[in-house]
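Engineer: take a look and give me a structure for this.
(one chain, ligands or ions: 1)
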Amino acid sequence: MLPIHEQFYSFQGEGAHAGRAAYFIRTFGCPVHCPWCDSAGTWHPDYIPDKVERLAVDTLVAEVAKTKAEFVVVTGGEPAIHDLAPLVDALHKIGRAVHLETSGAFAIKGDFEWITLSPKRWKLPLAENIARADEFKIIVDQDGAIPEYVKVIGKTTKPVWLHPEWSRHSDVVTLDAITEWVKAEGSPYRAGWQMHKHYAADSKDARSAPAVPLGGDSEKGF
Ligand code: SF4
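Structural biologist: Reported below is the predicted structural model:
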C-alpha cells in the first residue's frame with residue numbers, strides 16, 4: 001500500500017523524455033519543504049486534502065495497464081521516502097518502464113530505468129543518488145542558484161537541465177541567467193521548460209489534483 005496524492009495519464013513535459021506518453025503516480029508526503037513547491041498538496045498543512053488514499057500496488061498497476069503509457073513516472077512529494085520496490089517490480093511484470101523524480105535526499109528503493117534528480121538546498125542529495133541519477137534538474141529560484149547546485153552535483157556528463165522556478169518563468173533575469181550559462185558552458189547543461197504546464201496536459205485527466213503552488217500565482221496555474 002502506498003499513500004497516493006494523485007494518478008493520471010498525460011505526457012512527460014520535461015527532461016530527456018519530454019513529449020512521450022506517460023502515466024504519473026504522485027505519492028503523498030515530502031519532508032523537504034521548498035518554499036515555492038508546486039505540489040504543496042502533497043505535504044503543506046494548509047493544502048493537504050482531508051483524506052489521503054492508500055492504494056495497493058495491484059490497484060495502481062491495473063490503472064496503468066489500461067493506458068498506452070510508454071513509461072510510468074513515480075513522483076511526489078518525495079517518492080523515495082516510501083519503499084517503491086514492490087510497485088516498480090509489479091510494473092515491470094506488465095512490461096512498463098518506471099522513471100523516478102526525486103530530490104535525491106533519501107535512499108532509493110526500486111530498480112528504476114530512469115532517475116531524474118533535482119537537488120534542493122533544504123535537504124541535499126545523497127552521494128549514492130547523485131552517482132545513480134540519469135539526469136539532473138536545477139530549479140533556478142534565485143540569483144546564484146545555478147553555480148550553487150552545479151557544485152552540489154559535481155562533475156558529470158549526464159544532462160543537467162536548468163529550469164526557471166515556475167513563478168519566475170516569465171522573469172527576464174532568470175531566463176537570461178539560464179541562457180548565458182548554457183551558452184558559456186555548453187554540455188552537459190540544457191535550458192529546461194515544463195512544457196506540460198503550457199499544454200495544461202495533466203488536467204485533461206479528471207483524476208489529476210488541482211495545482212497547488214506556493215509562492216506563485218494560483219490564478220495563472222503556477
Ligand atoms: S518541490 Fe519537491 S522536494 Fe520541494 S517540497 Fe515540493 S515536492 Fe518536496
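Engineer: just the buried residues of stretch 12-21, please?
Structural biologist: The neighbour-count check on stretch 12-21 (16 or more other C-beta atoms under 10 Å) flags 12-15, 17-18 as buried. Every C-beta, even on glycine, is put in place using the N, C-alpha and C of the backbone.
Engineer: in helices, which of those appear?
Structural biologist: Assignment to helices by DSSP state H places none of the buried residues of stretch 12-21 there.
Engineer: need the max-distance pair from those residues.
Structural biologist: G13 and H17 (9.7 Å; C-beta to C-beta).
Engineer: what bridges to the closest residue to R96 other than its chain neighbours?
Structural biologist: Excluding its sequence neighbours, the residue lying closest to R96 (C-beta to C-beta, 6 or more residues apart in numbering) is V72, at 5.3 Å. Listed beta-bridge partners, V72: Y23, V98 (assigned using DSSP bridges).
Engineer: wait, what's in contact with V72?
Structural biologist: Going by C-beta atoms under 8 Å, 6 or more residues apart in numbering, V72 touches 22-25, 64, 91, 96-99.
Engineer: the longest helix anywhere in the chain packs against which elements?
Structural biologist: In the chain, assigned by DSSP H, the helix with the most residues is helix 172-185. Applying 3 or more C-beta pairs under 8 Å, 6 or more residues apart in numbering; DSSP states H and E, one finds that helix 172-185 makes contact with strand 135-140, helix 145-153, strand 160-164, strand 189-191.
Engineer: could you dump those to TSV with distance to the ligand?
Structural biologist: Shown next, in TSV, are the helices and strands packed on helix 172-185 (distance: least, C-beta to the nearest ligand atom, whole Å):
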stretch	distance to the ligand
strand 135-140	8
helix 145-153	13
strand 160-164	11
strand 189-191	20
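Engineer: will you turn these into CSV that also has mean pLDDT and mean neighbour count?
Structural biologist: Output for the helices and strands packed on helix 172-185, formatted as CSV (pLDDT from 0 to 100; neighbours: other C-beta atoms under 10 Å):
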stretch, mean pLDDT, mean neighbour count
strand 135-140, 98, 23
helix 145-153, 98, 16
strand 160-164, 98, 23
strand 189-191, 98, 18
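Engineer: now these as a markdown table including distance to Q7?
Structural biologist: Output for these, formatted as a markdown table (distance: least, C-beta to C-beta, whole Å):
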| stretch | distance to Q7 |
| --- | --- |
| strand 135-140 | 21 |
| helix 145-153 | 29 |
| strand 160-164 | 23 |
| strand 189-191 | 28 |
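Engineer: before I go, just wanted to say thanks for your time.
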